[in-house]
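S.K.: Could you work out the structure for the sequence below:
(one chain, ligands or ions: 1)
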Amino acid sequence: MIDQNALLKQAETARKNAYAPYSGFTVGAALLCRDGTVYTGCNVENASFSPTCCAERVAIFKAISEGRQDLCAIAVVGGKNGDALTPCPPCGVCRQVLSEFCEEDFPVILANGNGDPTVTTLGALLPYRFRISHPSFETENPS
Ligand SMILES: [Zn+2]
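M.R.: Predicted coordinates:
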């Protein structure tokens with residue numbers, strides 16, 4: 001059983017390190033692995049905008065770079081000027097990155113300001129996702 005509020009609390013703690021001087025939209029993410037290890041991330045903006053990285057991808061890349069691919073759930077807290085009153089779901093790019101390592105039932109836990117998290121799944125957030133198993137990757141056997 002995933003302690004959703006505990007994971008959200010870790011996301012909120014990570015959010016405090018967000019570097020978002022341009023948008024003021026700070027985000028924290030906490031990614032849970034099977035053995036209980038949690039990798040956190042915050043968004044990191046850049047004056048050139050394009051190199052900006054989301055909190056979710058920071059957390060995912062931290063986990064992958066540590067040799068972890070047994071991802072169980074992610075919690076996300078975010079909003080403008082410190083608010084966390086409405087769910088802050090992962091952007092499309094982060095959904096695609098999650099899709100590389102997670103199945104459709106992967107839980108995405110979102111703070112909504114009332115202490116009762118909004119919980120959805122990667123499959124709900126990214127239907128018809130693009131994966132290496134996509135038919136376009138299947139090669140024909142020439143024999
Ligand atoms: Zn993102």
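
S.K.: What lies in contact with stretch 53-69?
M.R.: With contact meaning Cβ atoms under 8 Å, 6 or more residues apart in numbering, stretch 53-69 is reached by 11, 14-15, 18, 27-31, 33, 37, 39-44, 71, 74, 76, 78, 90-91, 93-94, 97-98, 101. Using the backbone N, CA and C atoms, a C-beta is placed for each residue, glycine as well.

S.K.: cool, and stretch 114-133?
M.R.: Under the criterion Cβ under 8 Å, 6+ apart, residues 4-5, 8, 75, 87, 89-90, 92, 95-96, 98-100, 102-112 lie in contact with stretch 114-133.

S.K.: next one: stretch 30-40
M.R.: Stretch 30-40 is contacted by residues 2, 7-8, 10-11, 13-14, 28-29, 41, 56, 59-60, 62-63, 66, 68, 70-75 when judged by Cβ under 8 Å, 6+ apart.

S.K.: if you set the cut-off to 7 Å instead, what comes out?
M.R.: Here stretch 30-40 makes contact (Cβ atoms under 7 Å, 6 or more residues apart in numbering) with 2, 7, 10-11, 14, 28-29, 59-60, 62-63, 68, 70-75.

S.K.: Let me know how buried the residue lying closest to Phe25 once chain neighbours are set aside is, in neighbour terms.
M.R.: The shortest distance from Phe25 to any non-neighbouring residue, by Cβ to Cβ, 6 or more residues apart in numbering, is to Lys80 (5.1 Å). Using other Cβ atoms under 10 Å, Lys80 has 14 other residues around it.

S.K.: One more: Phe101?
M.R.: Count around Phe101 with other Cβ under 10 Å applied: 16.

S.K.: Return the backbone torsion pair for the residue most central in space within the chain.
M.R.: The structure's the chain has its C-alpha centroid closest to Glu56; by Cα atoms, centre = their mean the separation is 3.4 Å. Main-chain dihedrals, Glu56, degrees, to the nearest 10: phi -60, psi -50.

S.K.: ok, and the closest non-adjacent residue to it?
M.R.: Beyond its immediate neighbours in the sequence, the residue positioned closest to Glu56 (Cβ to Cβ, 6+ apart) is Cys94, lying 4.0 Å away.
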